[in-house]
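Colleague: using only what follows, build the 3D model:
(one chain, ligands or ions: 1)
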Amino acid sequence: MAEKLNVHEMALMQFHNAADAINLSADIRRILEKPMNQFKVNFPVKMDDGHIQVFQGYRMQHNNVLGPFKGGLRYHPTVNTAESIALAMWMTWKSALVDIPFGGAKGGIQIDPSQYSKGEIERVTRRFTYALGQTIGPEFDIPAPDVNTNAQTMAWILDTYLLTVPPHERHAHIHVVTGKPLGSGGSEGRDKATGQGVVYLIEEWANDRAFPLKNATYMVQGFGNVGSWSARLLKPFGAKMVAVQDHTGSIRNYKGIDPDDLYQYVQSTGGVKDYPQAEAIDPDDFFASEADIFIPAALSEVITEDIAPKLKVKLVAEGANGPTTPHGDRILREHGVSVIPDVLCNAGGVTVSYFEWLQNKRSEFWDIEEVDMKLRRRLTKAYRHITNIAKQHDCDLRTGAYIAALLRIENTYKHRGIFP
Ligand code: NAD
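Modeller: Residues are numbered from 1 along each chain as shown. I've put the predicted structure just below:
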């Protein structure tokens, strides 16, 4: 059966599966099906050659019953309403299941940043921030980096946002974004947080089945923030990276690709293409590589019904958001492939974002050991909780994760009721 679902339909299907499993109240289901707020802005920016270009920016705020809206901003040509709503819903479940007091949001700009100069990207970012206005705020909606945005982008957003508040209140607003550079209120460990979380969870999975990570092989799709950090943090276990794919190409070397060396190469060239210590392979062959672990860390809808049967791995650790379609998921299940679902697997990012937000509010600076220890504790607890739920409900970890999140949210709605 051909798959024609977009990411929004995919997110809804996952939600309803879990809602059915726990017989979620029909009222709560109706509330959670839809985002609370949707913002779409068209804003003009002056380009380097003097002409004006108008960009489309998005911010979808799915739910804030557990705390302020929270989620990344993505700069990519595919950014649109449906994708942003799906990603915002996933943020709601993610925050709920790792038990942090945030809701879910997501957004970004429909743009291919590789086509613009750094100065243009800065002006686009600042003008977008201005256009969002009070749509974001440190106690209301807190953006963070996502695809093609980073600590620099957050610093521009912070600087622009602060200019919109009175001077004597500015310092009290620096938690309007997370993922900031260290010198601008960022947290130790935020840059690597998502990859670090992916690796902590792979460790948990491996410990559960006495699977040795020493000499285990892994392949990674996407070698940006999440992919490169996951790859580099797995190296000390003695695991071997054998294949990598990014937007520039696919490479493989069964003798092992050194993630730190590849990282340096990608920093200077912009992608894995022509990396001299590996052979270039066809993008389709990448998925059929012999490896134990696959870390998708790029875009959504990668492991489809066509790609899933090609995978030879034992574990898919979803660094990316929404990399597996429902049909892909079914095939992985049938083939006995374990999946650490995105809402848990990449929750390290939002967890350390929460730590950054807390440090900003308390004017504290935690050292890396404290951040890592707190991150590990939270993710391990969530993993155990979800594994138990999956056993109780005889379901996969994804549905288990959704159930954990939905029960927490449902409970809060039950206490508070609906106004009026
Ligand atoms: P990034 O911009 O740093 O890296 C994206 C990577 O994806 C790049 O290596 C790029 O080459 C690759 N890519 C893009 N298009 C591709 C294609 N068609 N085929 C193969 N590779 C392609 O982004 P990131 O922050 O690492 O985010 C990656 C994923 O992780 C996204 O799904 C994002 O939502 C998710 N995520 C990120 C964070 C975070 O803290 N940054 C947190 C949670 C989830």
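Colleague: which one of the residues in the stretch 151-300 of the chain is closest to the ligand?
Modeller: When scored by CB to the nearest ligand atom, the stretch 151-300 of the chain has residue 224 as its residue closest to the ligand, at 1.9 Å. (C-beta placed from N, C-alpha, C; glycine too.)
Colleague: quick one: that residue and residue 147 touch, right?
Modeller: Yes - with contacts counted by CB atoms under 8 Å, residue 224 reaches residue 147, the gap being 7.2 Å.
Colleague: hey, what's in contact with both of those two?
Modeller: Shared contacts of residue 224 and residue 147, defined by CB atoms under 8 Å, 6 or more residues apart in numbering, comprise residue 298.
Colleague: excluding covalently adjacent residues, which one is nearest to the residue in the stretch 1-150 of the chain that the ligand sits nearest to?
Modeller: Relative to the ligand, the nearest point of the stretch 1-150 of the chain is residue 147 (4.1 Å; CB to the nearest ligand atom). Spatial nearest neighbour of residue 147, excluding adjacent residues (CB to CB, 6 or more residues apart in numbering): residue 74 at 4.5 Å.
Colleague: that neighbour pairs with what?
Modeller: residue 108 (DSSP bridges).
Colleague: okay, now it: neighbour count?
Modeller: Neighbour count of residue 74, defined by other CB atoms under 10 Å: 24.
Colleague: that one touches residue 146, doesn't it?
Modeller: Yes - here residue 74 reaches residue 146: they are 4.2 Å apart, a contact under CB under 8 Å.
Colleague: any shared contact partners between those two?
Modeller: Overlap of the contact sets of residue 74 and residue 146 (by CB under 8 Å, 6+ apart) consists of 87, 106, 108.
Colleague: what pLDDT does the model give the second one?
Modeller: Reading off the confidence values, residue 106 has pLDDT 98.
Colleague: begin at 167 from here
Modeller: Noted, 167 is the first residue going forward, which turns the last one into residue 272.
Colleague: over to it: give its phi and psi.
Modeller: Dihedral angles phi and psi of residue 272 (degrees, to the nearest 10) take the values phi -170, psi 160.
Colleague: against residue 402, how distant is residue 380?
Modeller: 10 Å (CB to CB, to the nearest Å).
Colleague: can you check residue 421 too?
Modeller: For residue 421, the distance to residue 402 - CB to CB - is 19 Å.
Colleague: swap in residue 530?
Modeller: 29 Å.
Colleague: hmm, back to that, most surrounded residue in the shared contacts of residue 240 and residue 312?
Modeller: Ranked by neighbour count (other CB under 10 Å), the shared contacts of residue 240 and residue 312 have residue 272 at the top, with 31 neighbours.
Colleague: what's near enough to touch that residue?
Modeller: Residue 272 makes contacts with 225-226, 228, 237-240, 250-251, 253-254, 256-257, 312, as judged by CB under 8 Å, 6+ apart.
Colleague: and with 7 Å instead?
Modeller: By CB atoms under 7 Å, 6 or more residues apart in numbering, the contact set of residue 272 is 226, 237, 238, 250, 253, 254, 257.
Colleague: do a quick rundown of the helices in the stretch 267-416 of the chain.
Modeller: Along the stretch 267-416 of the chain, the stretches classed as helices by DSSP state H, counting those that start in this stretch are 284-298, 317-328, 359-374, 391-400.
Colleague: looking at those helices, which is nearest to residue 304?
Modeller: helix 317-328 (8.8 Å; CB to CB).
Colleague: tell me the domain boundaries of the chain?
Modeller: 199-340, 359-511 (automatic domain parsing).
Colleague: now residue 570: closest residue in space, sequence neighbours ignored.
Modeller: In space, and not counting its chain neighbours, residue 570 is closest to residue 263: 4.6 Å by CB to CB, 6+ apart.
Colleague: quick one: low-confidence parts of the chain?
Modeller: Low-confidence segments of the chain (pLDDT under 70): 167-169.
Colleague: now the lengthiest strand in it against helix 284-298, angle please.
Modeller: Ranked by residue count and defined by DSSP state E, the top strand of the chain is strand 218-229. Strand 218-229 runs at 50 degrees relative to helix 284-298, counting by axes from the mean of the first three to the mean of the last three CA atoms, to 10 degrees.
Colleague: what packs against strand 218-229?
Modeller: strand 203-212, helix 247-263, strand 270-276, helix 284-298 (3 or more CB pairs under 7 Å, 6 or more residues apart in numbering; DSSP states H and E).
Colleague: for the nearest residue to residue 249 once chain neighbours are set aside, give me its contacts.
Modeller: Excluding its sequence neighbours, the residue lying closest to residue 249 (CB to CB, 6+ apart) is residue 173, at 5.3 Å. Shown in contact with residue 173 (CB under 7 Å, 6+ apart): 248, 249, 252, 466, 467, 488.
Colleague: near the ligand, which residues of the stretch 217-366 of the chain?
Modeller: Taking CB under 6 Å from any ligand atom as the criterion, the neighbours of the ligand within the stretch 217-366 of the chain are 311, 312, 313, 314, 360.
Colleague: give me the neighbour count for the second one.
Modeller: Other residues near residue 312 number 26, with proximity taken as other CB under 10 Å.
Colleague: how close does it sit to residue 254?
Modeller: Following CB to CB, the distance that separates residue 312 from residue 254 is 12 Å.
Colleague: repeat that for the third one.
Modeller: Using CB to CB, we find residue 313 at a distance of 15 Å from residue 254.
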